[in-house]
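K.L.:
Quick one, structure for this:
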Amino acid sequence: MIRKATKNDLSAIYGLVRELAIYEKSEDALTATLEDYEKDFAAGVFEALVLEEEGEIRGMTLYYMTYSTWKGKMLYLEDFCVSERFRRFGYGQQLFDAFVAVAKEKECRMVRWQVLDWNEPAVNFYKKNGATIEDFWWTCKIIF
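P.N.:
Here you go, the predicted structure:
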């Protein structure tokens, strides 16, 4: 079952984000806390979908509304993760499809996200779903 996340799901979502950070060899970069998630979720900073089966959250998408000056309303997929032990069951496709459906419901003209260049399974998954993977735009950031 895929459903909108509630405050009660944030601990499981945080656990999946940690699992993803470990997979991406960047666990030390995860500085947001569960308390940050709780505060920001309550403030409407982000939304999430969870895939739950047998009372266990096995995957999630975490996203927020943003804006493209060229296209209009856009939904940004910040994180998308299925717990490693539940991969290869089609859960990722179900979650991704549900995320795209949310974007269409919100009348977005585009969805956007990032993928690591070395994450071949993810790159292939996104290409299979019709994504354009840009190699000419570079990500910029300032961390406070």
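K.L.:
Let me see the ranges of the helices in the chain.
P.N.:
10-23, 34-42, 91-105, 120-128 (DSSP state H).
K.L.:
Including distance to residue 111, could the ones you listed go into a markdown table?
P.N.:
In short, each C-beta sits where N, CA and C put it, glycine included. Below are these laid out as a markdown table (distance: least, CB to CB, whole Å):
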| stretch | distance to residue 111 |
| --- | --- |
| helix 10-23 | 18 |
| helix 34-42 | 20 |
| helix 91-105 | 5 |
| helix 120-128 | 11 |
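K.L.:
Any chance of JSON lines for those helices, columns mean neighbour count and distance to residue 81?
P.N.:
Shown next, in JSON lines, are those (neighbours: other CB atoms under 10 Å; distance: least, CB to CB, whole Å):
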{"stretch": "helix 10-23", "mean neighbour count": "17", "distance to residue 81": "4"}
{"stretch": "helix 34-42", "mean neighbour count": "14", "distance to residue 81": "14"}
{"stretch": "helix 91-105", "mean neighbour count": "16", "distance to residue 81": "9"}
{"stretch": "helix 120-128", "mean neighbour count": "13", "distance to residue 81": "10"}
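K.L.:
Just send those helices back as JSON lines, with mean pLDDT too.
P.N.:
Output for the helices of the chain, formatted as JSON lines (pLDDT from 0 to 100):
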{"stretch": "helix 10-23", "mean pLDDT": "96"}
{"stretch": "helix 34-42", "mean pLDDT": "98"}
{"stretch": "helix 91-105", "mean pLDDT": "97"}
{"stretch": "helix 120-128", "mean pLDDT": "92"}
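K.L.:
what's the closest of those to residue 64?
P.N.:
For these, proximity to residue 64 was assessed by CB to CB; helix 34-42 is nearest, at 9.5 Å.
K.L.:
just the angle between that closest one and helix 10-23, please?
P.N.:
Counting by axes from the mean of the first three to the mean of the last three CA atoms, to 10 degrees, helix 34-42 lies at 120 degrees to helix 10-23.
K.L.:
for helix 34-42, packing partners?
P.N.:
Contacts defined by 3 or more CB pairs under 8 Å, 6 or more residues apart in numbering; DSSP states H and E place helix 34-42 against helix 10-23.
K.L.:
I'd like to know which elements the helix it packs on is packed against.
P.N.:
helix 34-42, strand 47-53, strand 56-68, strand 72-82.
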